[in-house]
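[1] No sequence on hand, only this structure:
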């Protein structure tokens, strides 16, 4: 049980680190993105980029969680449910900031992306 809790914490930290690194890259790759962050007024391309960052960070988080949990699926599911609860609350606060499709895409792909990371780690570990 302790290993699963640590694995979930590692997964959350991995999500934050991956999202931060990818977001920094996005600031350099997309003209005007850095300026748009403060006002949260993004173009379609910027929003798609943000969704890509979320997907990639979720896969990394699932992979890291599964690696620490030595492939235990329960830890991956715990991470997925925790992240969904956290991000559902965050997106509820930001509901007026983004279009509905943006929120739905992020929230509906969060759990499958995390579980894809878990599956990838299990496949790599053999």
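    Received it, and whenever you're ready, just let me know what you need. For clarity, every value in this text was computed on a predicted model and none was experimentally measured.
[2] and residue 52, how many residues sit next to it?
    With neighbours defined by other CB atoms under 10 Å, the count for residue 52 comes to 12. To be clear about C-beta, it is placed using only N, CA and C from the backbone, and glycine gets the same treatment.
[3] Could you list which residues are in contact with it?
    The neighbours of residue 52, taking CB atoms under 8 Å, 6 or more residues apart in numbering as the test, are residue 22.
[4] mind redoing it with 10 Å?
    Residue 52 is in contact with 22, 26, counting by CB atoms under 10 Å, 6 or more residues apart in numbering.
[5] now the one 5 residues further on
    With contacts defined as CB under 10 Å, 6+ apart, residue 57 is in contact with 14-23, 83, 110, 113-114, 117.
[6] and the next element down the chain from the host helix or strand of it?
    Of the helices and strands defined by DSSP states H and E, residue 57 is found in helix 44-68. On the C-terminal side of helix 44-68, the closest following helix or strand by DSSP H and E is helix 73-93.
[7] Around residue 122, how many other residues sit close by?
    As a burial measure, the neighbour count of residue 122 was computed by other CB under 10 Å and equals 17.
[8] any idea what it is structurally, helix, strand or coil?
    helix (DSSP: H, G, I helix; E, B strand; the rest coil).
[9] Over to residue 31?
    Remark: residue 31 carries the secondary structure label coil [criterion: three-state DSSP].
[10] re earlier: and the angle for the helix holding residue 57 with helix 73-93?
    150 degrees (axes from the mean of the first three to the mean of the last three CA atoms, to 10 degrees).
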